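Participant: how would this look folded up:
(one chain, ligands or ions: 1)
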Amino acid sequence: MRRLYNTFLAVGRVRSTSCLAFCLTARQETRSQAERIRIAQRRFQLSKIIYIYILKGGDGGVSILVVGSVALDTVETPFTKVEETLGGAASYFTTAASLYNQVNLVAIVGSDFPREHLDFWRNRPVNLVGLQIKEGRTFRWKARYHMDMNARDTLDTQLGVYAGFHPIIPDKYRSSKLLFLANIQPELQMEVLEQVSNANLTVLDTMELWIMTTRPQLTEVIKRVDVLLMSEEEIRQYTNRLSIVAGVHQLLDMGLQYVVVKQGSYGALLFGADGTFFSAPTYPLEEVIDPTGAGDAFAGGLLGYLSKVEPQQDGHYAIDEIKCGVVHGNIIGSYVCEDFSIDRLRTLTMDDVATRYRRLVEYSHFDPNWRSRRA
Ligand code: AMP
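Facilitator: Modelled structure (predicted):
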């Protein structure tokens with residue numbers, strides 16, 4: 001028994017609570033009363049740690065809830081075209097964030113949705129309980145990029161099964177601490193907010209279509225979230241301000257904690273209601289194959305990173321952690337552009353992310369001591 005107990009300690013890994021209980025009981029047989037109490041107390045502490053470990057998804061941090069589109073995209077760049085490839089805002093986000101932690105996906109696909117994509121997610125820490133599969137066609141989106149790949153035209157959008165979609169958040173996801181409202185109709189985003197009320201951080205993404213067609217509904221959603229992601233163009237459209245900074249201040253006045261301005265190949269800007277400003281550097285890519293989903297992958301990097309961070313006592317994240325999350329977002333976004341669809345994310349590792357992180361630190365570091373000229 002004693003040897004078994006010592007082996008257990010040497011291995012240093014808790015495989016299961018029952019194994020732990022067995023080993024502790026074995027040792028207890030040879031102990032005095034006082035020692036037994038001490039061991040029982042330690043045992044209680046250990047089971048508490050194991051309980052928290054399991055609750056937080058197994059390797060620290062909290063799981064992430066995402067609601068948004070899962071699609072089949074057809075994308076044309078000036079050089080190539082891919083048809084009916086895995087797309088959708090939630091797909092990019094889920095794949096990116098699952099590099100860091102468990103992701104709970106709530107979305108809908110049609111009966112024509114290829115099984116291989118589901119199998120791919122099943123092999124990652126992605127929970128598909130909230131993914132509805134309905135008779136009908138999956139959401140389809142077609143776009144063409146310009147020579148300047150920061151600009152694109154949407155050629156076709158077919159809602160398919162999204163036309164009758166209402167997000168149903170499974171009970172066990174309703175207390176999620178990190179929520180990403182990926183790009184879908186603002187009415188549906190509001191339905192999600194009605195079901196998830198206890199998150200530490202809610203992040204919202206949107207697009208030109210909703211600014212143009214459902215502005216009042218979008219406004220109501222913006223008033224209820226903590227962080228808004230928008231491109232410069234979307235900020236101008238929504239606020240009618242030419243100046244991005246003025247537009248951001250107008251948005252912050254609606255009650256947001258942060259606005260992140262996505263600048264495509266130029267990086268991202270973070271503005272806080274507390275006056276924070278942070279310019280996250282961009283990674284200089286030699287070749288952009290397809291920038292689709294870079295914004296959603298950015299959000300995946302941001303929330304993926306934060307899912308590993310302990311929030312402060314008030315439930316908010318320290319500003320340095322938010323900044324670090326934005327840098328992670330930039331890095332994941334840059335990787336997505338290196339291939340079509342989510343393909344680059346399939347093989348991406350945390351080591352790749354770390355390499356690019358170190359490069360960005362190097363590229364954006366400069367002498368913090370001001371002087372007018374060299375001495
Ligand atoms: P991004 O490049 O970050 O704007 O994300 C592009 C992704 O958004 C594509 O994979 C599309 O399938 C998806 N998408 C495009 N239009 C819509 C829409 N109206 N609603 C939801 N998702 C959309």
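Participant: check whether the strand or helix carrying Thr85 comes into contact with the ligand.
Facilitator: Following DSSP states H and E, one finds Thr85 within strand 81-87. Yes. If you take CB under 6 Å from any ligand atom as the test, strand 81-87 does meet the ligand, through Gly87. (Glycine included, C-beta is placed from N, CA and C.)
Participant: low pLDDT regions in the stretch 1-150 of the chain?
Facilitator: Within the stretch 1-150 of the chain, the stretches with pLDDT under 70 are 1-32, 34, 37-61.
Participant: could you list the contact residues of it toward the ligand?
Facilitator: Counting by CB under 6 Å from any ligand atom, the stretch 1-150 of the chain comes close to the ligand at Ser69, Ala71, Asp73, Gly87, Gly88, Ala89, Trp141.
Participant: and the strand holding Thr85, what does it pack onto?
Facilitator: strand 71-76 (3 or more CB pairs under 8 Å, 6 or more residues apart in numbering; DSSP states H and E).
Participant: ok, residues contacting the strand it packs on?
Facilitator: 81-88, 91, 113, 138-145, 156, 290, 292, 340-341 (CB atoms under 8 Å, 6 or more residues apart in numbering).
Participant: just say helix, strand or coil for the residue in the stretch 101-250 of the chain positioned nearest to the ligand.
Facilitator: Taking CB to the nearest ligand atom, the ligand has its nearest neighbour within the stretch 101-250 of the chain at Trp141, 3.8 Å off. Three-state assignment for Trp141 (DSSP: H, G, I helix; E, B strand; the rest coil): strand.
Participant: mind listing what it touches?
Facilitator: Ser69, Ala71, Leu72, Asp73, Thr74, Gly87, Gly88, Thr154, Asp156, Thr157, Gln158.
Participant: show me what it is bridged to.
Facilitator: On DSSP bridges, the residues paired with Trp141 through beta bridges are Asp73, Thr157.
Participant: please report how far it lies from Glu287.
Facilitator: Applying CB to CB, to the nearest Å, the value for Trp141 to Glu287 is 24 Å.
Participant: ok so, going back, hmm, which of the contacts of Trp141 are the buried ones?
Facilitator: Ser69, Ala71, Leu72, Asp73, Thr74, Gly87, Gly88 (16 or more other CB atoms under 10 Å).
Participant: how about the strands in this protein?
Facilitator: With strands called from DSSP state E, the chain shows them at 64-67, 71-76, 81-87, 103-110, 126-127, 131-134, 139-145, 152-158, 178-181, 201-205, 227-231, 258-262, 268-272, 277-280.
Participant: quick one, which of these is packed in tightest?
Facilitator: Counting by mean count of other CB atoms under 10 Å, strand 64-67 has the highest mean neighbour count of the strands of the chain, with a mean of 30.
Participant: I appreciate the help and will end here.
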